[in-house]
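Asks: attaching a predicted model along with its sequence, questions to come.
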Amino acid sequence: MSENREIVLFQNIRQVIKAEQWCVENNLPVKVIPVPKPWSSECGMCLETTKDNVDKLEEFAMRNGMITQRIATLDYTD
């Protein structure tokens with residue numbers, strides 16, 4: 001995985017879907033991926049995007065009442 005990527009965790013899958021739609025509509029590169037095991041033993045989903053765009057994604061989430069957690073890709077291994 002590239003060092004230029006970050007993962008954003010959300011409270012639920014509905015928020016992941018809403019944030020993914022917003023990213024697509026705003027031409028931000030985003031990928032829905034499973035939450036890395038160190039952060040969840042459940043089968044949850046999260047968003048992966050570039051470091052250049054993660055702040056925009058978090059601003060969108062905050063404006064929409066979403067609570068997020070950012071994980072740098074260097075903080076975990078696949």
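Replies: Good, I have the coordinates.

Asks: measure stretch 18-33 end to end?
Replies: 15 Å (Cα to Cα, to the nearest Å).

Asks: report the buried residues of that stretch.
Replies: The neighbour-count criterion (16 or more other Cβ atoms under 10 Å) identifies 18-20, 22-23, 28, 30 as the buried residues of stretch 18-33. Glycine gets a C-beta too; all of them are placed from N, C-alpha and C.

Asks: all the strands of this structure, residue numbers only.
Replies: Using DSSP state E, the strands of the chain run over 5-9, 30-34, 45-50, 69-72.

Asks: can I get these in TSV with mean pLDDT and distance to Met62?
Replies: Shown next, in TSV, are the strands of the chain (pLDDT from 0 to 100; distance: least, Cβ to Cβ, whole Å):
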stretch	mean pLDDT	distance to Met62
strand 5-9	92	11
strand 30-34	94	17
strand 45-50	94	15
strand 69-72	85	12
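
Asks: how about CSV for these, with distance to Glu59 added?
Replies: As requested, the strands of the chain are exported to CSV (distance: least, Cβ to Cβ, whole Å):
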stretch, distance to Glu59
strand 5-9, 11
strand 30-34, 14
strand 45-50, 13
strand 69-72, 12
